[in-house]
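Trainee: Let me see the structure of the following:
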Amino acid sequence: MEIYPDFLELKKKLKKIIEDFYSLRTKGAKVISFPSGKGGVGKTTIVLNLAAALALSGKRVAIVDLNLALPNVSLFLQNTPKKTVTHFLCDEAELSEILVKLNIKKAEIDVFPAESIVNLGKKVKIERIRELILYLKPNYDYILFDQSPGLSKFAIYPTLVADVVFVVSADIKPAYLDAIKVRDVLEESGVNFNGFVVNMTKRNNLRYFYNERVYATIPYDWRLKNAFSSGKTVFQLRFGFLSSSKRAFSKFAEKLIEDFPPERVW
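Mentor: Residues are numbered from 1 along each chain as shown. Coordinates of the predicted model:
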């Protein structure tokens, strides 16, 4: 039987897709995605403080800023590289040019900051996130995505290639309604939704999410707010041990490590 070159090429491409999918899903770090309905619900705060808690637990952690509209992770960095994740997604940078170290006490987090696509004015290839994951996954225990809010392709695509997906919200009606919409869209898209992370809760009583699948809650804490305003995590504050949110993030990290342990490849 004659085998046509086009068929051989198709078979080669299918084999590569399957290999990539296997690598994305099983090897190395757990990739955790944090989408949300609205902006301003605290995604960046949650990502940075959870990363700090994981790093202080001895885990190798990377943060990838995928909020390509209004990136905020760079506010926590002493130095910002000339090239960012946005440049990488535009085929204008290698990942090795982007990495910045963030020190949290005796721990260290690797950060890959972004630049607003409005400022860059280039066409972003969001699908290159697959390459980013394949490059980073063997070197870490956890990779955290800080994402754009809403339901654009820039917000949804990262959830499709993640291992764990938490929708971030605040316990107020507009944020709740938008978070439910995001959850429904993700589930309809075949995404493995792992629960809500509800920020700025009061007295551990959930007003709107009480019947929903909530994985973690972060209490309203003025110390956390002040830490964010000064470009720090709550773990870096002088009297951070008094912070209720610090305890919540430590508990969040412990639960995450137990439920979603990384699969080491080294």
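Trainee: Check which helices and strands the strand ranked longest in the chain sits against.
Mentor: Using DSSP state E to assign secondary structure, the strand with the most residues in the chain is strand 193-201. Applying 3 or more CB pairs under 8 Å, 6 or more residues apart in numbering; DSSP states H and E, we find strand 193-201 packed against helix 43-56, strand 164-170, helix 173-188, strand 214-219. Glycine gets a C-beta too; all of them are placed from N, C-alpha and C.
Trainee: This structure: helices as residue ranges?
Mentor: For the chain, helices defined by DSSP state H occupy the ranges 5-26, 43-56, 85-89, 117-120, 129-136, 153-160, 173-188, 222-229, 244-259.
Trainee: quick one: which of the helices and strands packed on strand 193-201 is nearest Gln147?
Mentor: Evaluated over the helices and strands packed on strand 193-201, closeness to Gln147 peaks at helix 43-56, with 6.9 Å, by CB to CB.
Trainee: ok so, going back, can you list the helices and strands packed on strand 193-201 in a markdown table and add distance to Ile32 and mean pLDDT?
Mentor: Shown next, in a markdown table, are those (distance: least, CB to CB, whole Å; pLDDT from 0 to 100):
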| stretch | distance to Ile32 | mean pLDDT |
| --- | --- | --- |
| helix 43-56 | 8 | 97 |
| strand 164-170 | 5 | 97 |
| helix 173-188 | 14 | 95 |
| strand 214-219 | 11 | 96 |
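Trainee: Any chance of TSV for the ones you listed, columns distance to Val198?
Mentor: TSV is the format used below for the helices and strands packed on strand 193-201 (distance: least, CB to CB, whole Å):
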stretch	distance to Val198
helix 43-56	10
strand 164-170	6
helix 173-188	9
strand 214-219	5
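Trainee: mind putting these in CSV, mean neighbour count included?
Mentor: CSV is the format used below for these (neighbours: other CB atoms under 10 Å):
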stretch, mean neighbour count
helix 43-56, 26
strand 164-170, 26
helix 173-188, 17
strand 214-219, 19
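Trainee: Thanks again, I'm all set now.
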